[in-house]
Structure formats: structure tokens, C-alpha cells
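Participant: give me the fold of what follows.
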Amino acid sequence: MILARLKWNTRLAEVDEFITRFTKKFNNKDLKIDVKLTDTECLIYFCKRLN
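Facilitator: Purely as a prediction, here's the structure:
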């Protein structure tokens, strides 16, 4: 699992661009991405599926 922590005021377009660059770079189709946005932080979880 890779966890990326961004500033709370990061624009959604920048979050989308970050995820797009990461998935294109590694080109892994078995990657699950979970984005959690709150008032205080922006967390991005990357998990590899085992199946």
C-alpha cells in the first residue's frame, strides 16, 4: 500500500492529475485507488489486488 498525503486545499483537478500520472507510469490494471477528502486533509490509498 502506498499512501499519498496532500494538503487539504489541493484542487480536485490536481488530485486527478496525480492519480492519472501514477497509473500511467506503472500501467497496472490490478490497482485499487481510494481517495478520501476531508476538511483537513486529502489522502490517497493505492492497493494492489491479489486475485
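
Participant: all helices of the protein, in order?
Facilitator: Applying DSSP state H to the chain gives helices spanning 12-26.

Participant: residue 41: what's it in contact with?
Facilitator: Residue 41 makes contacts with 5-8, as judged by Cβ atoms under 8 Å, 6 or more residues apart in numbering. C-beta: built from backbone N, CA, C; applies to glycine.

Participant: chain neighbours aside, what residue packs nearest to the residue nearest in space to the middle of the chain?
Facilitator: For the chain, residue 44 is the residue whose C-alpha lies nearest the centre (Cα atoms, centre = their mean; 3.8 Å). Closest residue to residue 44 apart from its sequence neighbours, by Cβ to Cβ, 6 or more residues apart in numbering: residue 4 at 4.2 Å.

Participant: over to residue 43?
Facilitator: Closest residue to residue 43 apart from its sequence neighbours, by Cβ to Cβ, 6+ apart: residue 36 at 4.6 Å.

Participant: mind checking how far that neighbour is from residue 6?
Facilitator: Between residue 36 and residue 6 the computed distance is 11 Å (Cβ to Cβ, to the nearest Å).

Participant: how about residue 15?
Facilitator: For residue 15, the distance to residue 6 equals 7 Å [Cβ to Cβ].

Participant: where do the contact lists of those two overlap?
Facilitator: Common contacts of residue 15 and residue 6 (Cβ under 8 Å, 6+ apart): 42, 44.

Participant: residue 36 and residue 6: which has the busier surroundings?
Facilitator: Taking neighbours as other Cβ atoms under 10 Å, residue 36 and residue 6 compare with residue 6 leading, 16 against 9.

Participant: so what pairs up with the more buried one in the strands?
Facilitator: Legend: beta-bridge partners of residue 6 under DSSP bridges are residue 42.

Participant: which ones are touching it?
Facilitator: Counting by Cβ under 8 Å, 6+ apart, residue 6 touches 14-15, 18, 41-44.
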